[in-house]
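Student: Provided below are the primary sequence and the corresponding predicted coordinates.
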2 protein chains.
Amino acid sequence: MSIEIKISLNQGLYLKEPQDSVLGRKIIENSIILIDEYGFEAFTFKKLAEKINSTEASVYRYFENKHLLLLFLVNWYWEWVTYLITINTMNVDDPGKKLRIIIHSIVSASEEHPGVDYVNESKLHSIVIAEGGKAYHTKEVDDENSKGFFSSYKKLANSVSQVITEINPDFKYPFALATNLFEMSNNHIYFARHLPRLTEVKVNGNDLKEVEKMLKYFADKLLER
Amino acid sequence: MSIEIKISLNQGLYLKEPQDSVLGRKIIENSIILIDEYGFEAFTFKKLAEKINSTEASVYRYFENKHLLLLFLVNWYWEWVTYLITINTMNVDDPGKKLRIIIHSIVSASEEHPGVDYVNESKLHSIVIAEGGKAYHTKEVDDENSKGFFSSYKKLANSVSQVITEINPDFKYPFALATNLFEMSNNHIYFARHLPRLTEVKVNGNDLKEVEKMLKYFADKLLER
DNA sequence: TTGAAATAATAGTAAAGCTATCATAATAAG
DNA sequence: CTTATTATGATAGCTTTACTATTATTTCAA
């Protein structure tokens, strides 16, 4: 027996739902591998097409361009984190405990039970860490925002902010703290790996518990009453 | 009378010191204008050359490629913030007061007295906000880091972390807090302008006082003993 | 079995990102 | 003031990226 998860995303992100065909799933699977390997700048549809024994033209039938593909992957990732949080906090009432689970889910999303066989969650996490910011740091951000291309992230920020408010209703910046937890997690994993002088946190391979500890320390101090 | 500031940066960032010639200064001045206007992706040396009535080849004599030019600008910016902080905290002994000045300098760097006539500090600030992360989110980060291309930022983080430790020696993450103040400042200005649902902070034009207030609130809570 | 849809094969275009060469200014040294 | 040196301009060209178009072939469903 197996449970199948299909994450549905804003339809404007793709020309044709890639999760519904063999080729589409190969595009997702291998774009994750290649972006992780080469970085987003050096990643091209041509390389991807070669890797999956297909053609550029075929890839273009699924995604308008590589930026929208990245947006698709990043949205997929945040939807998946949302899903993990939902499951992991089920039947948990204490908001403090909830936040601890949320933080664990954000940091260690990639260690969790794999959801979908054509997505390597660990590599996708690396992509979000290294390239995620590029999804919204563009001149098209306002236009894309109006089309709902960032709604997965906003939805997640909203639900985390509610837990924060439950913990301490006097805390003035629940949204800012929520997004800061996401950004800080990714940033400090990246710093630990590449610019270690910018953080106290150390990361060995996929062991991210120091990051988790730091986020909890920050959240606790900020929310203590 | 006028005081001339020349910020000296890692020599690996450029092929030829742009601050020492008319053409070089035009490159700096107009690249800031164009990157701000078009965004980093759509910015090209060709457009820049046209704008300054020069040629692509001439621009390439100063900078190896547009990525290194961005790195140059970002480093220039952080050196400039460092300079502002140094001046503004002169003769200030109380570390709490120092941190407040630092936060003000980070957020409102662009409003300060202009330092150099060929640099529009306000536009440069916008570039750092929107494109700054791209300076280190690349596959070449380790190589560039080993060449000292991020030293301006690290130096600044180090000096801010020292002030943090002065305020509260028990605080466990002075570096992480320092970098987080920088990242948060840029992030939330960006969010306020483009993804307002992700933050409580509001920004009208160049009025960034809500951002400053938020950073102080965070820093105070984190450092209170 | 036929017909629609998906994919492959191939070709081609415009722009980006660079490098090379030579001519001409500007400037600095003797 | 002349001559070397260096900086810039003009022009050309090459490779890769990003994309579009056309036609052929396969797949799969009615």
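Tutor: The structure has been received and is ready for your questions. Numbers count the residues shown, from 1 in each chain, chains lettered A, B, ... in the order given.
Student: tell me the contacts of residue A:218?
Tutor: A:181, A:184, B:173, B:222 (CB atoms under 8 Å, 6 or more residues apart in numbering or on different chains). Every residue, glycine included, has its C-beta placed from N, CA and C.
Student: quick one: which of those sit in helices?
Tutor: A:181, A:184, B:222 (DSSP state H).
Student: Go through the residues you listed and say which is closest to DNA strand C.
Tutor: Comparing the ones in helices among the contacts of residue A:218 against DNA strand C with CB to the nearest atom of the strand places residue A:184 closest, at 30.5 Å.
Student: quick one: the closest one from residue B:39, how far?
Tutor: 25 Å (CB to CB, to the nearest Å).
Student: Please say which of these two ends up with more neighbours.
Tutor: More crowded of residue A:184 and residue B:39, by other CB atoms under 10 Å in any protein chain shown: residue A:184, with 27 against 17.
Student: The more buried one contacts residue B:179, doesn't it?
Tutor: No. Using CB atoms under 8 Å, residue A:184 is not in contact with residue B:179; the gap is 9.2 Å.
Student: what separates residue A:208 from residue B:156, distance-wise?
Tutor: Distance from residue A:208 to residue B:156, by CB to CB: 26 Å.
Student: just so I have it, where are all the helices in chain A?
Tutor: For chain A, applying DSSP H gives helices covering A:22-38, A:45-51, A:56-60, A:66-88, A:95-107, A:121-131, A:141-146, A:151-167, A:174-194, A:209-223.
Student: Tell me how far stretch A:26-46 lies from the chain's centre.
Tutor: 16 Å (CA atoms, centre = their mean, to the nearest Å).
Student: hmm, which of the contacts of residue A:218 are the buried ones?
Tutor: A:181, A:184, B:173, B:222 (16 or more other CB atoms under 10 Å in any protein chain shown).
Student: Quick one: low-confidence residue ranges for chain A.
Tutor: A:1-4, A:112 (pLDDT under 70).
Student: go with 50
Tutor: Along chain A, segments meeting pLDDT under 50 span A:1.
Student: about what we covered before: redo the helices of chain A as JSON lines? Include distance to DNA strand C.
Tutor: Output for the helices of chain A, formatted as JSON lines (distance: least, CB to the nearest atom of the strand, whole Å):
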{"stretch": "helix A:22-38", "distance to DNA strand C": "3"}
{"stretch": "helix A:45-51", "distance to DNA strand C": "8"}
{"stretch": "helix A:56-60", "distance to DNA strand C": "4"}
{"stretch": "helix A:66-88", "distance to DNA strand C": "13"}
{"stretch": "helix A:95-107", "distance to DNA strand C": "33"}
{"stretch": "helix A:121-131", "distance to DNA strand C": "16"}
{"stretch": "helix A:141-146", "distance to DNA strand C": "19"}
{"stretch": "helix A:151-167", "distance to DNA strand C": "25"}
{"stretch": "helix A:174-194", "distance to DNA strand C": "21"}
{"stretch": "helix A:209-223", "distance to DNA strand C": "33"}
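Student: Please identify the most buried of the ones you listed.
Tutor: helix A:174-194 (a mean of 23; mean count of other CB atoms under 10 Å in any protein chain shown).
Student: same for that one, what does it pack against?
Tutor: Judged by 3 or more CB pairs under 8 Å, 6 or more residues apart in numbering or on different chains; DSSP states H and E, helix A:174-194 is in contact with helix A:95-107, helix A:121-131, helix A:151-167, helix A:209-223, helix B:141-146, helix B:174-194.
Student: switch to 6 Å and redo it
Tutor: helix A:121-131, helix A:151-167, helix A:209-223 (3 or more CB pairs under 6 Å, 6 or more residues apart in numbering or on different chains; DSSP states H and E).
Student: Contacts made by the longest one with the rest, please.
Tutor: Identification of contacts with helix A:151-167 by CB atoms under 6 Å, 6 or more residues apart in numbering or on different chains yields A:75, A:78-79, A:82, A:95-96, A:98-99, A:102, A:174-175, A:177-179, A:223, B:197-198.
Student: For chain A, what lies in contact range of chain B?
Tutor: A:39, A:130, A:133, A:137, A:139, A:141-142, A:154, A:157, A:173, A:175-176, A:179, A:194, A:197-200, A:214, A:221-222 (CB under 6 Å from any CB of the partner chain).
Student: Quickly note the distance from residue A:133 to residue B:206.
Tutor: For residue A:133, the distance to residue B:206 - CB to CB - is 23 Å.
Student: With neighbour numbers in mind, choose between those two.
Tutor: Neighbours per residue (other CB under 10 Å) separate residue A:133 from residue B:206, with residue A:133 holding more: 20 against 12.
Student: wait, what's in contact with the more buried one?
Tutor: Here residue A:133 is in contact with residue B:133 (CB under 6 Å, 6+ apart).
Student: And the contacts of residue A:218, which is closest to DNA strand D?
Tutor: residue A:184 (29.7 Å).
Student: wait, residue A:199 sits on residue B:176?
Tutor: Yes. Counting by CB atoms under 6 Å, residue A:199 touches residue B:176, with 5.0 Å between them.
Student: sorry, back to before: compile the helices and strands packed on helix A:174-194 into CSV and extend it with columns for distance to residue A:59.
Tutor: Putting those into CSV (distance: least, CB to CB, whole Å) gives the following:
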stretch, distance to residue A:59
helix A:121-131, 17
helix A:151-167, 23
helix A:209-223, 35
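Student: Quick check: which of these is nearest to residue B:70?
Tutor: helix A:121-131 (16.2 Å; CB to CB).
Student: Report whether that closest one contacts DNA strand D.
Tutor: No. Remark: helix A:121-131 sits outside contact range of DNA strand D, by CB under 7 Å from any atom of the strand, the gap being at least 13.3 Å.
Student: between the buried ones among the contacts of residue A:218, which is closest to residue B:8?
Tutor: Nearest member of these to residue B:8, counting by CB to CB, is residue B:173, at 31.2 Å.
Student: Got phi/psi on the closest residue to that closest one other than its chain neighbours?
Tutor: Residue nearest to residue B:173 in three dimensions, not counting chain neighbours: residue A:200, with 5.0 Å by CB to CB, 6 or more residues apart in numbering or on different chains. Note on residue A:200: backbone dihedrals following degrees, to the nearest 10 are phi -80, psi -20.
Student: separation between the closest residue to residue A:147 other than its chain neighbours and DNA strand C?
Tutor: Leaving out its chain neighbours, the residue that sits closest to residue A:147 by CB to CB, 6+ apart is residue A:12, at 4.9 Å. Counting by CB to the nearest atom of the strand, to the nearest Å, the separation of residue A:12 from DNA strand C is 18 Å.
Student: Hmm, residue A:148 and residue A:12 touching each other?
Tutor: No. Using CB under 6 Å, residue A:12 is not in contact with residue A:148; the gap is 7.1 Å.
Student: Could you check which residue of chain A lies nearest DNA strand D?
Tutor: residue A:65 (3.1 Å).
Student: who's in contact with that residue?
Tutor: By CB under 6 Å, 6+ apart, residue A:65 has no neighbours at all.
Student: Equivalent analysis for residue A:148, please.
Tutor: residue A:10.
Student: ok, now residue A:132?
Tutor: Neighbours of residue A:132 in contact, by CB under 6 Å, 6+ apart: residue A:74.
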